[in-house]
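Novice: 3D, please:
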Amino acid sequence: MDPTIFDPTIPAQPQPIDYAPRPKRLHGLRVILIENTKYNSKTILLKLFKQLEDRYKMHLAGVIRKQSAGHPVTAADIRTCANTADIAITGIGD
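Specialist: Below is the predicted model:
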């Protein structure tokens, strides 16, 4: 089997990113937290949400738990985010 060799001197091909629109206001938004299973990830996200709830009266729409830090969010979880929340916040622990 031939090894794959990556040449770091070749310019990267730009890939456009279709960003979601930013909310016009923060008050009353529905938030989904996406935690990655690392130690303290959920704890940190919940503390952050509590501050957002107190300051902007945001509502917790749910908490999604990824399979691991190295796995992407599933298509089903992305649909859940799109259907039930205005914003998603993700973070790591440790």
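Novice: tell me, how many neighbours does residue 85 end up with?
Specialist: 20 (other CB atoms under 10 Å). All C-beta atoms are positioned from the backbone trio N, CA, C, and that covers glycine.
Novice: for it, what are its contacts?
Specialist: Neighbouring residues of residue 85 by CB atoms under 8 Å, 6 or more residues apart in numbering: 29-32, 61-62.
Novice: can you rerun that using 6 Å?
Specialist: 30, 32, 61 (CB atoms under 6 Å, 6 or more residues apart in numbering).
Novice: Relative to residue 63, how far out is it?
Specialist: 11 Å (CB to CB, to the nearest Å).
Novice: ditto for residue 82
Specialist: 16 Å.
Novice: just to revisit the earlier point, which one of the contacts of residue 85 sits closest to residue 5?
Specialist: residue 32 (40.5 Å; CB to CB).
Novice: Could you give the secondary structure assignment for the closest one?
Specialist: Here residue 32 is strand, with the state taken from DSSP: H, G, I helix; E, B strand; the rest coil.
Novice: In space, what's closest to it - neighbours in sequence excluded?
Specialist: residue 85 (4.0 Å; CB to CB, 6 or more residues apart in numbering).
Novice: And the pLDDT at that neighbour?
Specialist: For residue 85, the pLDDT comes out at 96.
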